[in-house]
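Q: could you look at this predicted model? Sequence included:
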Number of protein chains: 4
Amino acid sequence: MADTETKPSKRSREAAETRENILEVATHEYADKGLAGARIDEIAEKTASSKRMIYYYFGGKDELYRAVLERAYHRIRAQEQDAHFENLPPVEALRAIIGHNFDYHFEHPDFVRLVMNENVHHGEHIAHIASMKPRNRSVIESLGAILKKGAEAGVFRAGIDPVDLHSMISALSFYNVSNRHTFLHNFGVDFAEPAVRAKRREQIIACILAWVTRD
Amino acid sequence: MADTETKPSKRSREAAETRENILEVATHEYADKGLAGARIDEIAEKTASSKRMIYYYFGGKDELYRAVLERAYHRIRAQEQDAHFENLPPVEALRAIIGHNFDYHFEHPDFVRLVMNENVHHGEHIAHIASMKPRNRSVIESLGAILKKGAEAGVFRAGIDPVDLHSMISALSFYNVSNRHTFLHNFGVDFAEPAVRAKRREQIIACILAWVTRD
Amino acid sequence: MADTETKPSKRSREAAETRENILEVATHEYADKGLAGARIDEIAEKTASSKRMIYYYFGGKDELYRAVLERAYHRIRAQEQDAHFENLPPVEALRAIIGHNFDYHFEHPDFVRLVMNENVHHGEHIAHIASMKPRNRSVIESLGAILKKGAEAGVFRAGIDPVDLHSMISALSFYNVSNRHTFLHNFGVDFAEPAVRAKRREQIIACILAWVTRD
Amino acid sequence: MADTETKPSKRSREAAETRENILEVATHEYADKGLAGARIDEIAEKTASSKRMIYYYFGGKDELYRAVLERAYHRIRAQEQDAHFENLPPVEALRAIIGHNFDYHFEHPDFVRLVMNENVHHGEHIAHIASMKPRNRSVIESLGAILKKGAEAGVFRAGIDPVDLHSMISALSFYNVSNRHTFLHNFGVDFAEPAVRAKRREQIIACILAWVTRD
DNA sequence: GATGAATGAGTGTTCATTCAT
DNA sequence: TATGAATGAACACTCATTCAT
């Protein structure tokens, strides 16, 4: 029956929901407390299902963490691929990309915190996740195309490595979320405050544009 | 008694050494595994003394962590205060400060990782540490003085908030250490490689200078 | 319906095959790991059918174990009954019986291990299996007949209890399989090695014959 | 101080008692239920101390099992070494050794059951215990000396391998304890009944002597 | 000041079994 | 009859912390 493919059974649909529900809860817990600090019991409790199901679907605490990490990365890459700024003039395209990246970090603190945690663990878990590199490549290619167009148009310096550019954008976007609490305590400025956030957004765009345009 | 200050007894000298030894070991453990991931038993084992001493001197796991965090911050602020670049011309001074900050992060990954961890914990522990703000102020004052001198000299734009400038420098320096592992996995570039590190050092300096200098 | 016996339906034939397949797999698992050590999931996985079928056909882990145990005992008793040595002269008949018993143990380690396991469980499961005693009786009767014939012929001592004789044969045959691993480790001799096995076979026959013939 | 060696502190004496108490309880539990069937919680409960102490002293379930196994073997070998029958005439010495071995098995069913369990586990744990072989050697040497003396005196056959002899004695002694429950169920004879036991003791001695003595 | 022994609450994981389709 | 999903009780093991000497 064609139906079996187009209409998944009620059972399997519910199963997918269970899985997704677990991932959602776990994402928040791991982001909030880190891999070592999160508790399987607590994740299970906040879930619509049970602790047993976590083991049924994911195998264990670490494997669940990896599934969470993979999902988080897939989401940001998917967003990046959805956003097509290549048709804009180079400067506008770069402005848009930086702004988009900046906003994404702010709107997805869980992603930022998962990445922090993964670095705390020396990236040992991300190493086990395949299928990540092809997605990363497209980000770089996109930046590369804009840089090339801008260089040809004489608005950008030539010779800028798109990976370097990406690290600049990423570093400046990441910090606002990753270091929010210590920065607030040390300097009394909360990056999450709307006014501060808007100001920083412009500064970061300006900073990077200044870097790519000046000789 | 004046004696206790001028001639510390053998006992108290040894006590200070024990304390320092514990802090050193604990710094590395907390930096390596995070607060939740670190183990008191493991810290004690790597120490020249015993688990009992940790409780004797610091009270518990969290208190030890706070002592470690405080010590790490004191050290970076001390270094920053030792480095006096105010007498250099503004551009040179800023170059020196950025380079110094960049290098400090690279040479003290434990500090970077402790700060990451503290943010994972929403800065709840740094909040309990007093005596941090005065030290932070001096960093900002130092940058403020340079900005002012540069603006007066016409080389820097006017109206730059030294706190914003500090966040720029910090973000760009921090990222290379904090996100080293995920960046390596995703883009195949290891920030810790000497050539990469040197290149990024120059780019970061260039980027910030481009931002603060007048067009 | 007579049909159900003479022409088993396809369904019931398949059902019998499913049952038998489960028993075969379970026999090996229980023999290998013991009742407590065996895992229903693992048994189900190695089966051509599923975990649900185990519960459908047998009821549960313990009941499956009993079915396995019963089947294993039925098989050895069936073999013993198939082997008719009563027509041989007493000494030859006894030789044949001992040799046959010795070989059976070697060739059916799963049976030996199931019996070991059952004794570990204080024989609580075998107690629930009916229909075992009549079969055991025939072994004893067979030995009794040979002993009687031998005593009458003057080659065996009189007054030997066939149950005692059976326990001698059984003990000497069982040990080679049941204690193979510890004996190998302790004394460096592997009963399963062909040369060792052949030597022991002769010694055991000789030993028991010496016992029944000497005064 | 010499005292520290001759007079162990109260603490360490109590610690040794705790260890020993755990071993005693664990021996019985492992012997009763097997490695897979025994429960750490249950062992802990029957102990004068706690579950945590089991992990403190032994490390885990398997390691505790190994400690139990090692202790059980050390005890039987120690008993064997304490019993000196070498000065008796060969036949009497052998009688004594067999009787002693037979009795030991009856009086130490835990030992027998631990060995059964170890064989269920394919001897994988005993393989990790060092220091067992030298002790085993002395049993064989002892039997070898008796066999030699008996052969020289013309009462025993020449050429009997003491390891073979040991396996005969061991097999016949072991079975009465190891297979007690199934034998009782199958043949209605309880090896543990005093009369049965006494009868089997004599039969086993007679059987082995018949085998080793010259016709 | 220093050490090994002890503890209880918790932490990840596994198990036999049952349910819904 | 057959299958994947679900369950709760139990299980082995770990942790920060305290006690006794």
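A: Here it is on my side, so go on.

Q: now residue A:61: how far from residue A:44?
A: 11 Å (CB to CB, to the nearest Å). No exception for glycine: its C-beta is placed from N, CA and C like everyone else's.

Q: how about residue A:107?
A: Residue A:107 is 27 Å from residue A:44, where distance means CB to CB.

Q: out of the two, which sits in the more crowded spot?
A: Using other CB atoms under 10 Å in any protein chain shown as the criterion, residue A:107 and residue A:44 rank with residue A:44 on top: 19 against 11.

Q: so that one versus residue A:57, what's the distance?
A: From residue A:44 to residue A:57 the distance is 12 Å (CB to CB).

Q: so where do the helices sit in chain A?
A: Applying DSSP state H to chain A gives helices spanning A:3-6, A:10-37, A:40-46, A:51-58, A:61-82, A:90-107, A:109-120, A:133-152, A:162-178, A:180-187, A:194-213.

Q: can you flag the weakest of the ones you listed by average pLDDT?
A: Mean pLDDT is lowest for helix A:3-6 among these, at a mean of 43.

Q: and residue A:28, what does it touch?
A: Each residue near residue A:28 by CB atoms under 8 Å, 6 or more residues apart in numbering or on different chains is listed here: residue A:110.

Q: what's the neighbour count on the spatially closest residue to residue A:132 that is not a sequence neighbour?
A: Leaving out its chain neighbours, the residue that sits closest to residue A:132 by CB to CB, 6 or more residues apart in numbering or on different chains is residue A:73, at 5.9 Å. As a burial measure, residue A:73 scores 22 neighbours (other CB under 10 Å).

Q: list the residues that contact residue A:73.
A: By CB under 8 Å, 6+ apart, the residues touching residue A:73 are A:111, A:126, A:129, A:132, A:135.

Q: over to residue A:21?
A: Counting by CB under 8 Å, 6+ apart, residue A:21 touches A:47-49.

Q: closest to residue B:176 out of those?
A: Closest approach between those and residue B:176, by CB to CB: residue A:47, at 37.4 Å.

Q: what sits closest to the closest one if chain neighbours are left out?
A: Closest residue in space to residue A:47, ignoring its immediate chain neighbours: residue A:25 at 5.0 Å, by CB to CB, 6+ apart.

Q: so who does the most centrally placed residue in chain A touch?
A: Residue closest to the average C-alpha location in chain A (CA atoms, centre = their mean): residue A:76, at 4.3 Å. Contacts here follow CB under 8 Å, 6+ apart; on that basis residue A:76 touches A:104, A:108, A:111.

Q: residue A:79 is in contact with the first one, correct?
A: Yes: here residue A:104 reaches residue A:79: they are 6.2 Å apart, a contact under CB atoms under 8 Å.

Q: for the contacts of residue A:21, give me TSV that also has pLDDT, neighbour count and distance to residue C:161.
A: Shown next, in TSV, are these (pLDDT from 0 to 100; neighbours: other CB atoms under 10 Å in any protein chain shown; distance: CB to CB, whole Å):
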residue	pLDDT	neighbour count	distance to residue C:161
A:47	94	19	67
A:48	91	10	68
A:49	90	18	63
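
Q: now do the buried residues in stretch A:18-29.
A: For stretch A:18-29, burial by neighbour count (16 or more other CB atoms under 10 Å in any protein chain shown) applies to A:18-19, A:22-23, A:25-29.

Q: any idea which of those is closest to residue B:188?
A: residue A:27 (26.5 Å).

Q: now do the contacts for that closest one.
A: Residue A:27 neighbours (CB under 8 Å, 6+ apart): A:68, A:71-72, A:110, A:114.

Q: ok, now with 10 Å
A: A:43, A:64-65, A:67-69, A:71-72, A:75, A:108, A:110-111, A:113-114 (CB atoms under 10 Å, 6 or more residues apart in numbering or on different chains).

Q: is it possible to export those residues to JSON lines including distance to chain B?
A: Output for the contacts of residue A:27, formatted as JSON lines (distance: CB to the nearest CB, whole Å):
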{"residue": "A:43", "distance to chain B": "15"}
{"residue": "A:64", "distance to chain B": "16"}
{"residue": "A:65", "distance to chain B": "13"}
{"residue": "A:67", "distance to chain B": "17"}
{"residue": "A:68", "distance to chain B": "14"}
{"residue": "A:69", "distance to chain B": "10"}
{"residue": "A:71", "distance to chain B": "15"}
{"residue": "A:72", "distance to chain B": "11"}
{"residue": "A:75", "distance to chain B": "14"}
{"residue": "A:108", "distance to chain B": "15"}
{"residue": "A:110", "distance to chain B": "12"}
{"residue": "A:111", "distance to chain B": "11"}
{"residue": "A:113", "distance to chain B": "7"}
{"residue": "A:114", "distance to chain B": "10"}
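
Q: report the buried members of the residues you listed.
A: By 16+ other CB under 10 Å, the contacts of residue A:27 give A:43, A:64-65, A:67-69, A:71-72, A:108, A:110-111, A:113-114 as buried.

Q: from DNA strand E, how far off is whichever residue of chain A sits closest to chain C?
A: Scanning chain A for the residue nearest chain C gives residue A:56, at 11.6 Å (criterion: CB to the nearest CB). For residue A:56, the distance to DNA strand E equals 8 Å [CB to the nearest atom of the strand, to the nearest Å].

Q: up against DNA strand F, what does chain A have?
A: A:11-12, A:14-15, A:18, A:49-53, A:56-57 (CB under 7 Å from any atom of the strand).

Q: still on that earlier bit, out of the contacts of residue A:76, who's nearest residue A:151?
A: Distance to residue A:151 across the contacts of residue A:76 (CB to CB) is lowest for residue A:104, with 26.0 Å.
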